[in-house]
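J.: need the 3D shape of this:
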Amino acid sequence: MEPIRVSLESLNLVTLYPMLIAVAGGLTILIVDLIKENLHKSLYVMLSILFLLLDLGALIGIQINTRGFFDVVLVDGIAFLSQAIIVVASMLFIPLALTSKRFHEFSLPEFFALFLFMVAGFQFMVASDNLIMIFVGLETASLSLYTLIALHNRMKSFEAAIKYFTMGALAAGFYAFGAALLYGLSGSVEIYKIAEVLTDRGFEPIWVVLTAVAFMIAALGFKLSMVPFHTWTPDVYEGASAALAGYMSVVPKMAGFVVAMRLFEFLIHSDLVWVRDILYLGVVVTMTFANIVALVQEDVKRMLAYSSISHAGFVMAAIMIGTTQANVGLFLYWILFLFTNLGAFTMLWISRHKSKIWHDRFDHPYEKFSGLVQIMPMAATIMAIFMLSLAGVPPFSLFWGKLYIMGAALNAGYIVLAIIMALNSAISAYYYLKLIVYMFMRDPVNVDGQTIYFKNASLSLRTIIGISAAFTILATAWISPLIEIITHYVRASGF
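T.: Predicted coordinates:
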């Protein structure tokens, strides 16, 4: 039997360059640490940013709608957009390591190596329509993320990492079962081929298709914190450092949205009414339940955790609607959410303190922010801007994202859904405004404590917060060109 010869040109390895650069960056950091131990963390931060810049450069250089590496890697418009969001969010997160010495995990080179491996995992997830490659990317990213949470080295962090790992293992099992059933039905692990085969067969036997889809919704529902698979989210966000919690609220969900788009939209377009109905129910319950629970939270970090669940439900509605306008709205919303939410969590990050002088259990109770405007007016104003944006108050950034998705729902005939979205936005305004009331209308509880915490912000932290705040305030000027760019890439993918 003659051996099969594979040429490098046919592999089109250019499509793998962004992920390989991130992996090479992680390995480089580990090798540097082996050669010379105890180097200052600023070197690892600079190396990480350098490799992420190279990653972004390699991504920009790839031709859209190409396949590579035995046709497993697919670089279409939504793969390009989502990878760009992942890399930019990572570049905003990494400089937060240049903070005071009390956050010891940032002095470990392993932290930065694992972080780059995680970024590569998420990129593999979004740049493929092969169920096996998606699974490999998912597990690479998840295993790195579990460890990053545990590196925070507090009892709550270990508890959070174990909870996340246990629930993640369950979700991985659901994904494997769902993928196995889809392979059994179609004889392929490529989503586009599965779509062709199932459409030709008329989605028979329907009970097997239903079971496979149920497993996939459960697996991706975990990643996207969809109710009832959300239970890990508030505890894990509370146990992780505030900056990492902010990152987790954006990047893993972006990867989950892209996989959900590839997997569910062909089913919705095939008029499988029950898939649309399941997603509709999931979207409404996720938005509403998370908002109601957020109303009674005593801790700002847990409130933001439930808030991010609600936002994920809001954006998942775009996948359920399935039109081009809705898909454009998904990316627009998440780009705006990236800056606002990362900024809000960074404000918590600079205000953290080891000793619990505010509350026996929580690090960030509302009382901690009482009268902040009298002590640190700039910090209070910036936090208020982030809260108003998350609430969808015009003219701040997320107002435009909410408006666009609600417009997509109305244009597709989902009038009841648009009304539910508007009502949920009104409910969420209460708990965002509650923090603003504490900051602007209450007297300070511990003036010395609040002053010390917010003055600990290093130049890098202030720069990231400044960028996030500027994007949140000035988003109105960028909305139209941003929509045009996103529309171009979404249409190029055929979504």
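J.: you'd agree Leu74 is in a strand?
T.: Yes - if the criterion is DSSP: H, G, I helix; E, B strand; the rest coil, then Leu74 is within a strand.
J.: so what pLDDT did Ile479 get?
T.: On pLDDT, Ile479 comes in at 89.
J.: ok, Phe115 next?
T.: 94.
J.: and for Ile86?
T.: Looking at Ile86, the pLDDT reads 94.
J.: what about it, neighbour count?
T.: 32 (other C-beta atoms under 10 Å). Where you see a C-beta, it was placed from the backbone N, CA and C, and this is true even at glycine.
J.: which ones are touching it?
T.: Each residue near Ile86 by C-beta atoms under 8 Å, 6 or more residues apart in numbering is listed here: 119, 122-123, 126, 251, 254-255.
J.: go on, Asp76?
T.: If you count contacts by C-beta under 8 Å, 6+ apart, then Asp76 has 64-65, 492-494 around it.
J.: most neighbours, which of those?
T.: That'd be Ser493 among the contacts of Asp76, by other C-beta under 10 Å, with 20 neighbours.
J.: torsion angles phi and psi at it?
T.: phi -90, psi -10 (degrees, to the nearest 10).
J.: hmm, it is touching Gly77, no?
T.: Yes - at 3.9 Å, Ser493 counts as touching Gly77 under the criterion of C-beta atoms under 8 Å.
J.: find residues that contact each of these two.
T.: With C-beta under 8 Å, 6+ apart, Ser493 and Gly77 have common neighbours Asn65.
J.: show residues contacting the helix or strand Ile194 falls within.
T.: Using DSSP states H and E, Ile194 maps to helix 191-201. Contact partners of helix 191-201, identified using C-beta under 8 Å, 6+ apart, comprise 129-131, 182, 185-188, 209, 262-263, 266, 270.
J.: hmm, which of these are the buried ones?
T.: Buried members of these, scored by 16 or more other C-beta atoms under 10 Å, are 129-131, 182, 185-186, 188, 209, 262-263, 266.
J.: next secondary structure after the helix or strand of the chain with the lowest mean pLDDT?
T.: Lowest on mean pLDDT, DSSP states H and E among the helices and strands of the chain sits helix 447-455, with a mean of 53. The C-terminal neighbour of helix 447-455 among helices and strands, as given by DSSP H and E, is helix 459-492.
J.: could you work out the most separated pair of the buried ones among the contacts of helix 191-201?
T.: Farthest pair in the buried ones among the contacts of helix 191-201 (C-beta to C-beta) is Asn130 and Val209. Separation: 19.5 Å.
J.: now Gly343: closest residue in space, sequence neighbours ignored.
T.: Ser468 (3.0 Å; C-beta to C-beta, 6 or more residues apart in numbering).
J.: give the contact list for that neighbour.
T.: Taking C-beta under 8 Å, 6+ apart as the criterion, Ser468 is in contact with 92, 339-340, 342-343, 346, 386.
J.: among the residues you listed, which lie within strands?
T.: In strands, defined here by DSSP state E, there are no members of the contacts of Ser468.
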